[in-house]
Structures are given as structure tokens and as C-alpha cells.
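In: Need the 3D shape of this:
(one chain, ligands or ions: 1)
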Amino acid sequence: MPASFDIQSSAGPYRVDIRSGLFDEVLQRKDAVILCDHRFAERVAERGIPHVAVEAVETAKSLDAMTDTIVALRELGATRQSHLMVVGGGIVQDIGAFAAAVYMRGLPWSYVPTTLLGMADSCIGGKSSINVGKYKNLVGTIVPPQAVLIDPNFIEGLPPLQRAAGLCEAAKICFVRGPEAFDDYLADKPAVGMNVAAHEKTIHKSLLAKKWFVEIDEFDRKERLLLNFGHTFGHALEGATNFGISHGIAVGLGIMCAIDLGRRLGRDYSSLPRVALLDRHLQDLVANANDLGDVLEKITPSDACRYFVADKKHGSAHFSAIVISEQGAVERIALPKDKNTLALCEQAFKTVIDKYAA
Ligand SMILES: NC(=O)c1ccc[n+]([C@@H]2O[C@H](COP(=O)([O-])OP(=O)(O)OC[C@H]3O[C@@H](n4cnc5c(N)ncnc54)[C@H](O)[C@@H]3O)[C@@H](O)[C@H]2O)c1
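Out: This is a model prediction of the structure:
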């Protein structure tokens, strides 16, 4: 079912449309410069639209690689009056949103997400995150798009792994939003094999849950930070495996680590059935990552812990972790920077790595 709603931002409201066929409409626009995932370059080129194509790999969203993208925009003739349409998954969004924020001190941009993760999560909130050296998402911007155009037709072509990665992020958002949102999300029995209409419903629910966070805390100071649930552990697993794990799957694994850490910190979740439901649901989704065992077999918990320590979200005097409270809410806690904390985190990584390593 087509849907439409606004997101309020410091730059004014922007519209999110969910409707099949929107990408074809974008391809008829004459005013746009397109930055797209290379897999859509042919479709864009056929319409004679000026475009830059990038490969959706983590190394392409690095500060070094941004030089080529920005030079390509310049050579294409993009000016401050151009409208940058970004077409792709979360990686291409990060590249495009960053370029739009800095190119000639800023261009208007809009986003057509093509992965489930892009549709159900990253498309709203205006964030860009760029890798620097070995540090994931170290620099970035928060500049809202002018429009988000979600064309569910893209879902047809997505492999189960990509669908699972998107659902991991959707499950996270709804769980963090609270019991009502999570129950509502689970009520549709979200699974990779759902048809496009069912995915569309889940995308809508996930975005309405995320809308609350990005409107109340656009610049990521308090409430929105909770959406990083699973991310410190997840980014560490991505880094330690040299990005051998897709981001959404890494977040799913990261949430399992966070649940394990919560228990090790003495929290009793036995009277919270939603924690077990979340864990079970994430396990079902992660099971779609066929090569996960081989990838995780190559790393140790202490490899992952080294990346955990280097995460940008920690304070100078403490580690920052997001765990589930005994009442079932997701909360940020500060942990002492000492051997005991590191041992607990290493054990949490070990629990998850051992579960999946081949
Ligand atoms: N800016 C944000 O708010 C935000 C939020 C969450 C995640 N992220 C970032 O997003 C990235 C992950 O993004 P992602 O999981 O969307 O995937 P992606 O952009 O990495 O794409 C994954 C793969 O799917 C392919 N693909 C894209 N669209 C397709 C389609 N319609 N059919 C078939 N294949 C398609 C891509 O070419 C690529 O091979 C991470 O780098 C993460 O840090 C950003």
C-alpha cells in the first residue's frame, strides 16, 4: 500500500513516499544529477542522465575515495544549483549524503534507497558516515535530504542476505522504540521470504518508529544515540573481519553480544519474553548469512575486542555500551575502562563467535 509522511527537521519538513514505480519517475526528471550504485548505472545511462556510478563496497565510502567521487561530480558539471539524486543502498547513501553536504559547501539532495536496510532504516535522519583509515564511520554529516523516494520494486532483486540485513536493523529500531512498536513489528511475522507488499508494511512501521528518534533528537545527542544498539559490537565484528560481514547482519550479531553482556553484568532477563523473542528473531535472520561461519572462524574474540576499544562512541574515561535494562528498556551505560570490562566484552564476543564459527 502506498504511504506518505513527513519528517520534521531543522531545515524544514521532508517527504517520505513509499510507492512502486517511483524510480521510473525519478529517471524522467531533467533537473537531476544522479549518484548511483554501479549496478543501476546502465538504467540511468539509457535515459541520458548525467551520473556518477560508485561501487557499493566499504572501501568506496572512505575519505580517500571521496576525492574521486567529488572530482567526478565536478567533471560532470554539477553546480550549487544541481539536485543530487542518490540511488543505492546504505553505502551509496553515505557517499552521496556526504558529497551533497560538502560539494561547493552544499547541494540539495534526495534519496532513492535500493536495499531493504536503506528503505527501513538509513533513508531518514540525514546522516552520512565515512570511513577513515581503519576506523568505520569516523567522520560524517547530518544534512536532511529534500525527499526520500522508496520504490519497493527494488526488493524483488534483493538476495535473502540483503533482506535479512535490512530486517535486523528494522527489528532493532522497533525494539528500541518500545514494547508496542516491537510487538507491532513482530505481528507481521517478518521474514526474508515475505512478499513485497509485506516488506512494504514492515518498512513503513520501522520508519515510523525511527521518525520519533530523528525528530526528537536530530543531531544525535541523546535519544537517537539509542539506535546505536548493537553497533559498537557490530562495527567491531565488521572491522575485525575486514568487512566480511554485511552491516545489518553485524548489527544483528552485535545485539546478541549486547544481550550477552547485559547478562554478564548481572541483569536477569528471564521475566522479559521480548528479549528472547528478539534474540530468536535475529538468529533466524542471521541464518541467511551462509558464509558467516567461515568468516568468523578467522577471527578471535580478542581481535574483535581491539576494534571495540577503538570505537568512536566511547568517552575518554569510560567505555560506552548500550544494553537492555532489567525493565526491558534499551539504555546507554558507562563502563570503567579496565581489564574487567574488557574481559566481559571479550566473553560476549566469544559467545557469539563460537555460536557461528565453522
Ligand atoms: N547513513 C545512515 O544513516 C546509515 C544507517 C545504517 C547503515 N548505514 C551504512 O550502510 C551501509 C550498509 O548498507 P546496505 O546494507 O544498504 O548495503 P550496501 O549499500 O552495502 O549494498 C549491499 C549490496 O547490495 C547491492 N544492492 C543494492 N541495491 C540492490 C538491489 N536493489 N538489488 C540487488 N542488489 C542490490 C549493492 O550493490 C551491494 O553489493 C554500511 O556502510 C552502514 O554503515 C548508514
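In: Now residue 207: closest residue in space, sequence neighbours ignored.
Out: On the basis of Cβ to Cβ, 6 or more residues apart in numbering, the spatially nearest residue to residue 207 that is not a chain neighbour turns out to be residue 124, at 5.9 Å. Heads up, the C-betas are built off the backbone N, CA and C, glycines and all.
In: Over to residue 78?
Out: Of all residues not flanking residue 78 in the chain, residue 33 sits nearest, at 4.9 Å (Cβ to Cβ, 6+ apart).
In: now the one you found, what's its secondary structure?
Out: The assignment at residue 33 comes out as strand when based on DSSP: H, G, I helix; E, B strand; the rest coil.
In: you'd agree it is up against residue 81?
Out: No: with contact defined as Cβ atoms under 8 Å, residue 33 and residue 81 do not form a contacting pair (10.3 Å).
In: of the two, who's got more company?
Out: Each of residue 33 and residue 81 had its neighbours counted (other Cβ atoms under 10 Å), and the higher figure belongs to residue 33 (19 against 9).
In: ok, what's across the strand from the more buried one?
Out: Beta-bridge pairing of residue 33, defined through DSSP bridges, involves residue 84.
In: Which residues are in contact with it?
Out: For residue 33, the contacting residues are 49-52, 73, 76, 78, 82-85, by Cβ atoms under 8 Å, 6 or more residues apart in numbering.
In: Would you check how far apart the residue nearest to residue 207 and residue 292 are?
Out: Here the distance between residue 124 and residue 292 works out to 29 Å (Cβ to Cβ, to the nearest Å).
In: With residue 343 instead?
Out: With the distance defined as Cβ to Cβ, residue 343 ends up 25 Å from residue 292.
In: Looking at the two, which one has more neighbours?
Out: A direct count of neighbours by other Cβ under 10 Å for residue 343 and residue 292 places residue 292 higher, at 24 against 13.
In: Now that one. Nearest residue, chain neighbours left out?
Out: When the adjacent residues along the chain are set aside, residue 292 lies closest to residue 356, with 5.1 Å between them (Cβ to Cβ, 6+ apart).
In: Check residue 109 too.
Out: By the measure of Cβ to Cβ, 6+ apart, the closest residue to residue 109 outside its immediate chain neighbours is residue 100, 3.6 Å from it.
In: show me the contacts for that neighbour.
Out: Residue 100 sits next to 84, 86, 106-109, 143 when contact means Cβ under 8 Å, 6+ apart.
In: Now for residue 243: which residues touch it?
Out: The neighbourhood of residue 243, defined by Cβ under 8 Å, 6+ apart, consists of 57-58.
In: repeat that with 10 Å
Out: By Cβ atoms under 10 Å, 6 or more residues apart in numbering, residue 243 lies in contact with 57-59, 131, 136, 237, 250, 295.
In: same thing with residue 235?
Out: Contact criterion Cβ under 10 Å, 6+ apart gives 135-137, 228, 247, 250-251, 254, 304, 307-308, 310-313 as the residues in contact with residue 235.
In: hmm, back to that, so of the contacts of residue 243, which two are at opposite extremes in space?
Out: 131 and 295 (18.7 Å; Cβ to Cβ).
In: Residue 167 and residue 205: what is the separation?
Out: From residue 167 over to residue 205 the distance is 11 Å, taken as Cβ to Cβ.
In: so what sits against both of the two?
Out: Between them, residue 167 and residue 205 have 120, 185, 190 as joint contacts when contacts are counted by Cβ under 10 Å, 6+ apart.
In: Check whether the second one sits in a helix, strand or coil.
Out: To tie it back to what came earlier, the one meant is residue 185. Applying three-state DSSP to residue 185 yields a three-state assignment of helix.
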